[in-house]
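Have a look; sequence and predicted model below, questions after that.
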Amino acid sequence: MSATKEAITALLARYNDALNASSTDAVMSLYLEGGVFMPPYSPSAVGADALRRAYDAVFKAITLNVKFTIAEIVDLAPEWAFARTNSAGTTLDHATGNSSAEANQELFIFRKDSDGSWKIARYSFSSINPPRH
């Protein structure tokens, strides 16, 4: 495994842990300062303040218990890479108290930060669960 793939695999594991811990602070440490979070059915959260508000809102609404599986990690350039992942688990809805199955596909774009560490530059996902009626 290349150093890039090793570093990004570790970063994705930390992101997975941060989501399951509902920790906005832990998530924030994984994004670039100008990172972008693009959840479905919502406007993009661009930059640190918007990212913090978006993740605070997510963790206020739900508790995730998911596991990411890496489908591919691709080096694009010395300072850019992407990863395609799938995740599955459960979501606890705080408003209803109901737990439901969670399954998504994700695309992460990473860029090296000024200290040389990989960070999330862009992140988007979509559900692969059938639509609820």
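That came through, no problem.

mind listing the strands for this protein?
Secondary structure of the chain (DSSP state E): strands at 31-38, 45-46, 62-77, 80-93, 99-112, 118-127.

of the ones you listed, which approaches Lys5 most closely?
strand 62-77 (4.7 Å; Cβ to Cβ). In short, each C-beta sits where N, CA and C put it, glycine included.

CA atoms only: put that closest one into CSV for me.
The C-alpha coordinates for strand 62-77 follow below in CSV (Å, rounded to 0.1, in the frame of the first residue of the first chain):
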residue,chain,number,x,y,z
ILE,A,62,-29.2,11.7,14.6
THR,A,63,-26.8,9.3,16.1
LEU,A,64,-24.9,7.3,13.6
ASN,A,65,-23.5,3.8,14.1
VAL,A,66,-21.9,3.1,10.7
LYS,A,67,-18.9,1.4,9.2
PHE,A,68,-17.1,2.6,6.1
THR,A,69,-15.8,0.2,3.5
ILE,A,70,-13.2,1.6,1.1
ALA,A,71,-13.9,0.8,-2.5
GLU,A,72,-11.0,2.7,-4.0
ILE,A,73,-8.4,5.3,-3.2
VAL,A,74,-6.8,7.1,-6.2
ASP,A,75,-3.8,9.4,-6.4
LEU,A,76,-4.7,12.3,-8.7
ALA,A,77,-1.6,14.5,-8.2
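
quick check: angle from it to strand 80-93?
Calculated by axes from the mean of the first three to the mean of the last three Cα atoms, to 10 degrees, strand 62-77 forms an angle of 170 degrees with strand 80-93.

what residues are up against Thr91?
Shown in contact with Thr91 (Cβ atoms under 8 Å, 6 or more residues apart in numbering): Ile62, Thr63, Leu64, Asn65, Val66, Ser99, Ser100, Ala101, Glu102.
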